[in-house]
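Undergrad: Okay, sequence plus prediction incoming.
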Amino acid sequence: MIIYGVAFLALCTLAGLFIGELLGKLLGVPANVGGVGIAMLLLIFVGSYLHKRGLMGAKSEQGVEFWSAIYIPIVVAMAAQQNVLGALSGGPMAILAGIAAVVLGFAMVPVLDRLGQKKPSAATAESLNPAQR
């Protein structure tokens, strides 16, 4: 059902925000550090895991796709609530955490790309002519 997809998204969001709050406390920043991003990573990884094992039906995926379609306005609204001035006055740790998150995000792009590609099976490799191998 579609509502299960929405519930799955809500659980990922709550878990991500909780982890972001914990990260903020560990780093000494009085703010949520990357909670929305962590929630989206949870949604991608756990959703992919459930989909590969056939545990997420087509209707549940529609619930996740619905929220994916309106994701950008949600992120803009959440970013508007962030206290950027407070984070900057929190010291160099807040700036370092932001820079580290961006660098790590860029570094993960090729890794995720490689994970997303399927390796050709033996039957597919045999059907290719030698020039394509």
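TA: Okay, I see it.
Undergrad: For the residue nearest the centre of the chain, give me its contacts.
TA: The structure's the chain has its C-alpha centroid closest to residue 41; by Cα atoms, centre = their mean the separation is 2.1 Å. Neighbour list for residue 41: residue 16 [criterion: Cβ atoms under 8 Å, 6 or more residues apart in numbering]. The way it works is simple: take the backbone N, C-alpha and C, and place the C-beta from them, glycine included.
Undergrad: Now name the helix or strand holding it.
TA: Element membership for residue 41, per DSSP states H and E: helix 35-52.
Undergrad: Can I get whatever helix or strand comes next after that helix as CSV, trimmed to CA atoms?
TA: Sequence-wise, the next helix or strand downstream of helix 35-52 (DSSP H and E) is helix 58-69. The C-alpha trace of helix 58-69 is given here as CSV (Å, rounded to 0.1, in the frame of the first residue of the first chain):
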residue,chain,number,x,y,z
ALA,A,58,4.9,-1.6,-6.0
LYS,A,59,2.3,0.3,-4.1
SER,A,60,4.8,1.0,-1.3
GLU,A,61,7.3,2.3,-3.8
GLN,A,62,4.6,4.7,-5.1
GLY,A,63,4.5,6.2,-1.6
VAL,A,64,8.2,6.8,-1.6
GLU,A,65,8.1,8.1,-5.2
PHE,A,66,5.4,10.6,-4.3
TRP,A,67,7.6,12.2,-1.6
SER,A,68,10.6,12.0,-3.9
ALA,A,69,8.7,14.2,-6.4
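Undergrad: List the buried residues in helix 58-69.
TA: By 16 or more other Cβ atoms under 10 Å, the buried positions in helix 58-69 come out as 60-61, 63-64, 67.
Undergrad: ditto for stretch 28-48
TA: Those would be 29, 31-36, 38-43, 47, for stretch 28-48 by 16+ other Cβ under 10 Å.
Undergrad: Okay, now the unreliable bits of the chain?
TA: 1-2, 68, 71-72, 74-88, 120-133 (pLDDT under 70).
Undergrad: Sounds good, over and out.
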